[in-house]
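1. Prediction below, plus the sequence it came from.
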Amino acid sequence: MNRDKKNVWTSFCFHFTNLNNAVSILQSGMLVSRNKALESGIMENENASTDVINQTDDEWKKYVRLYFRPRTPTQYNNEGFRSKANLGSLQAHCPFPVFFLFDLAETLQKPNCYFTKNSLAKSGNHELLQTPQQFSELPFSKIYHEGPFESHERDEIVACRHAEIVVSDELKLDEALKFIIVRSQSEKNTLLSFLGPTEKEMYADKIRVDNKQIMFFSLWTYVSKAELSSDKVMLSFNNGLGDKIFNLKIKMTDLQSGETKEVILPDHNCDGIFRGKIGTPLMEYRIEVYLDDNLAYADCYNGYVESDLPF
C-alpha cells in the first residue's frame, strides 16, 4: 500500500452509496440505518445484492454501517455503469458511487458507535466491539489487505476487508464528516447541481475528486469529462471494461423558456467521446445524461457568465 493510500485508509471510515442516495443524505443532514431509510422512503437506490441483504441478520439493519476502508470486494462487484450484460450474478449495481469520509477517531468516540472484525453481512454470530483494547486487537493486516491471496485464505480475508464501523439508528453529518469523494470533476458538478444553496454552503468545499484513485476502482464506464457551450456538448467516457453498450438519453431544458427536449440513442457505444450539436444555440440550459436510465451527468450552462472550459 503506497503512502497516500495508507494515510487516507487508516484515517477515516467510509460510507459508499449511489448518487441519489447521497443527495438525500446531504439534504437530510444524516446517514440512517437501512430500517430507518426504508421506513422514511429516503433510500432511492439499492446498492447491495438482494441475496446479501437477505442473509444479513435483521439486527444489523438497525445500524448505520461504514467500512474501515474503500475498495472492498462489494464495491468491486457493484461500482460503475455496467451494461445489462455485465451486471454480474449478484445483480448489484452502484453506477454513480459517492463516498462519505468520516474521521475514524472522532467517529469511534461516539457513545453509540461499535466496530467489528469482519462483515456483518456474513452469516453467523458477530460481536460488536467498542473498547480501545478490542480495537488494538483487530486483524488490521487482513482488513487493509490488498492484492492476491492463497485460496485457503480467501474467506477470511474477504470477510475482514468488509470489517465495519456501525452506529445505531443514525449518524449526523457533523464535524466528523471530512470529505465527500467522487470519480471526476463532471461527477462533482453533477452532485452539486442537485444541492440547494444551504447544502452547497455546507458541503461544497468537502466534495473532492479522487484523482489518485485511492477510493475507486474506476474500471467501468462513467463520464470522466464534460464540455458545454451554447451550441454543443462533448462527453468523454472512461475507457472501462465491458461492452459499453447503453441506451444513451440526453435531456436538455432551456432555462429561459422552460422547454425540455429529449434525445434517446438506443444501443449507443459509449466508448470514447460523444459530441452533440445543439440545433438552436441556448445561452442557459440544464443537461442530464442517462445510461440505461441511470443518471450519469447533470449540470447547468450559463453563457452569460464567463467560464473556463472544460469544467
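-> Perfect, thanks for sending it. Residues are numbered from 1 along each chain as shown.
2. Which elements pack onto the host helix or strand of A105?
-> For A105, the element it lies in under DSSP states H and E is helix 104-108. Applying 3 or more C-beta pairs under 8 Å, 6 or more residues apart in numbering; DSSP states H and E, one finds that helix 104-108 contacts strand 12-18, strand 164-168. Using the backbone N, CA and C atoms, a C-beta is placed for each residue, glycine as well.
3. Recalculate using a threshold of 6 Å.
-> If contacts are counted by 3 or more C-beta pairs under 6 Å, 6 or more residues apart in numbering; DSSP states H and E, helix 104-108 sits against strand 12-18.
4. Residues touching the strand it packs on, excluding its own?
-> 31, 45, 47, 66-67, 70, 75, 94, 96-97, 99-102, 104, 107, 165 (C-beta atoms under 6 Å, 6 or more residues apart in numbering).
5. Now the helix holding A105: buried residues?
-> By neighbour count on 16 or more other C-beta atoms under 10 Å, the buried set for helix 104-108 is 104, 106-108.
6. What of stretch 239-259?
-> In stretch 239-259, counting by 16+ other C-beta under 10 Å, buried: 240, 242, 244-246, 248-254.
7. hmm, who's touching it?
-> 82-83, 86, 219-221, 260-271, 282, 284-292.
8. Tell me the buried residues within these.
-> Buried among the contacts of stretch 239-259 by 16+ other C-beta under 10 Å: 82-83, 86, 220-221, 270, 282, 284-292.
9. Quick check: phi and psi on Y144?
-> With angles defined as degrees, to the nearest 10, Y144 sits at phi -100, psi 20.
10. Now do the contacts for it.
-> Taking C-beta under 6 Å, 6+ apart, one finds R69 in contact with Y144.
11. ok, now with 8 Å
-> Contact partners of Y144, counting by C-beta atoms under 8 Å, 6 or more residues apart in numbering, are 1, 6, 9-10, 68-69.
12. repeat for V8
-> So V8 contacts 101, 214-215 (C-beta under 8 Å, 6+ apart).
13. which one of the residues you listed sits closest to E127?
-> Distance ranking of the contacts of V8 against E127, using C-beta to C-beta, places L101 first at 25.9 Å.
14. thinking the closest one is in contact with A176, fair?
-> No. Here L101 does not reach A176: they are 9.4 Å apart, not a contact under C-beta atoms under 8 Å.
15. Restricted to strands, list the buried ones among the contacts of stretch 239-259.
-> 284-291 (DSSP state E).
16. Distance to K277 added to those residues, as TSV?
-> Shown next, in TSV, are those (distance: C-beta to C-beta, whole Å):
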residue	distance to K277
E284	18
Y285	14
R286	18
I287	13
E288	18
V289	15
Y290	19
L291	20
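17. Going by distance to S193, which of the residues you listed wins?
-> R286 (7.6 Å).
18. can you tell me how far the closest one sits from S229?
-> R286 is 15 Å from S229, where distance means C-beta to C-beta, to the nearest Å.
19. Tell me how many other residues surround L177.
-> 24 (other C-beta atoms under 10 Å).
20. nope, R3 is what I meant
-> 7.
21. now L129
-> Neighbour tally, L129, other C-beta under 10 Å: 14.
22. before we move on, what about K84?
-> Neighbours of K84 using other C-beta under 10 Å come to 11.
23. Next: H126.
-> Based on other C-beta under 10 Å, the number of other residues close to H126 is 18.
24. can you pull the pLDDT of it?
-> Looking at H126, its pLDDT reads 87.
25. quick one: secondary structure of it?
-> Secondary structure assignment for H126 (DSSP: H, G, I helix; E, B strand; the rest coil): coil.
26. Skipping adjacent residues, who's closest to A159 in space?
-> In space, and not counting its chain neighbours, A159 is closest to N118: 3.7 Å by C-beta to C-beta, 6 or more residues apart in numbering.
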